[in-house]
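Chemist: Pasting the sequence and the predicted coordinates here, then a few questions.
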Amino acid sequence: MFADACEKMMKCTRPVISSTCTIGGDISSSVGSFVVVNPDGWVLTAAHVIAPYYTYRDDLQKISDIDHFNEENPSNPRPYQSDWLKAHSFWWSWDGVAHNDIKISPELDLAAVKLVNFKRDSVKEYPIFTDPSKLRTGTSICRLGFPFVNVTSTFDHNTHTFTLGNEMLPIPFFPNDGIITRVINNGRTSNGVFDRMFLETSTPGLRGQSGGPIFDKHGHIIGIQSRTMHLDLGYNIKSADGKIVEHQYLNVGVATHIKSVIEFLDYYDIKYKSEADDDGYRIND
């Protein structure tokens with residue numbers, strides 16, 4: 001059912017790798033997903049995929065504050081925390097591509113990122129966002145992203161740069177399907193701007209699919225993958241004395257609802273193609 005839709009979405013869905021190095025020297029990398037929204041280089045992903053960048057900025061300020069204090073108090077210096085980030089980098093699927101603007105809503109777990117040095121011909125087909133009013137419980141969906149990847153990188157302390165292991169590239173796509181089970185409406189965001197709406201799906205999102213698209217059989221985006229919830233089934237395995245020895249859960253996916261996604265894009269004047277506008281890009285009223 002989703003072969004054609006997957007082929008379409010693979011043209012605009014890409015992996016992003018986030019790499020960090022702490023003061024203590026620990027290096028880690030993780031992969032997420034993003035959707036290229038338009039030829040201007042705007043992409044959508046989950047806010048938590050972008051979170052290490054903000055942690056890095058906060059930690060740099062802490063390091064700077066301690067540097068300043070220690071310069072003025074050399075006889076009583078303050079220590080750094082070993083888990084503070086001293087370096088961070090995103091790899092946006094193409095070498096030489098960086099970002100220069102981020103619009104983020106942690107309450108929606110949604111972020112729009114403006115890429116620089118992005119070549120519009122590197123994406124052969126841009127996505128179509130579905131009409132929110134058409135979504136119904138039971139609708140078949142598919143999710144796309146980049147799980148089951150062992151992401152490794154090294155850090156050069158002299159040049160302050162990360163190098164990714166070439167053995168993992170190119171990162172393969174992984175789709176999984178399901179249905180819409182529920183719509184979750186958490187009211188308005190704290191600033192009153194967006195509806196905090198999410199889609200629950202019968203299958204879980206996998207690590208590496210965060211920020212990737214949820215789409216229908218036509219290849220139209222209906223949500224952006226956010227997280228996985230674990231619902232207690234109540235069929236817990238018990239020992240002879242009645243103690244629970246194993247909990248049984250249903251793992252369901254949660255995606256930012258297309259209604260909230262469209263409100264977010266409209267608010268920041270980011271152009272996109274809607275289901276009712278297949279001939280070009282526009283900002284929906």
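Modeler: Good, I have the coordinates.
Chemist: buried residues in the host helix or strand of T181?
Modeler: Assessed by DSSP states H and E, T181 sits inside strand 174-188. Buried residues in strand 174-188, counted by 16 or more other CB atoms under 10 Å: 174-178, 180-181. To be clear about C-beta, it is placed using only N, CA and C from the backbone, and glycine gets the same treatment.
Chemist: swap in stretch 36-54?
Modeler: By neighbour count on 16+ other CB under 10 Å, the buried set for stretch 36-54 is 36-38, 41-50, 52-53.
Chemist: for stretch 141-150, same thing?
Modeler: If you call a residue buried by 16+ other CB under 10 Å, then stretch 141-150 has these buried ones: 141-147, 149.
Chemist: Output that stretch as CSV, nothing but the C-alphas.
Modeler: The C-alpha coordinates for stretch 141-150 follow below in CSV (Å, rounded to 0.1, in the frame of the first residue of the first chain):
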residue,chain,number,x,y,z
ILE,A,141,-0.4,5.6,8.1
CYS,A,142,3.3,5.1,7.5
ARG,A,143,6.4,6.5,9.3
LEU,A,144,9.8,7.0,7.8
GLY,A,145,13.2,7.6,9.4
PHE,A,146,16.6,6.2,10.2
PRO,A,147,16.6,3.8,13.1
PHE,A,148,19.0,0.9,13.9
VAL,A,149,22.1,2.9,12.9
ASN,A,150,25.2,2.8,15.0
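Chemist: want to try CSV for the buried residues of strand 174-188, with distance to N100 and pLDDT as columns?
Modeler: What follows is the buried residues of strand 174-188, written out as CSV (distance: CB to CB, whole Å; pLDDT from 0 to 100):
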residue, distance to N100, pLDDT
F174, 30, 97
P175, 31, 97
N176, 33, 96
D177, 36, 97
G178, 36, 97
I180, 36, 97
T181, 38, 97
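Chemist: from those residues, which single one is nearest M9?
Modeler: P175 (8.4 Å; CB to CB).
Chemist: Could I get the average pLDDT for the longest helix anywhere in the chain?
Modeler: Ordering each helix of the chain by length in residues (DSSP state H) puts helix 47-72 first. Averaged across helix 47-72, pLDDT comes to 96.
Chemist: How about D26: what's its closest non-neighbour residue?
Modeler: D83 (7.6 Å; CB to CB, 6 or more residues apart in numbering).
Chemist: Same check on A5?
Modeler: Nearest one to A5, counting by CB to CB, 6+ apart, is G219 at 3.8 Å.
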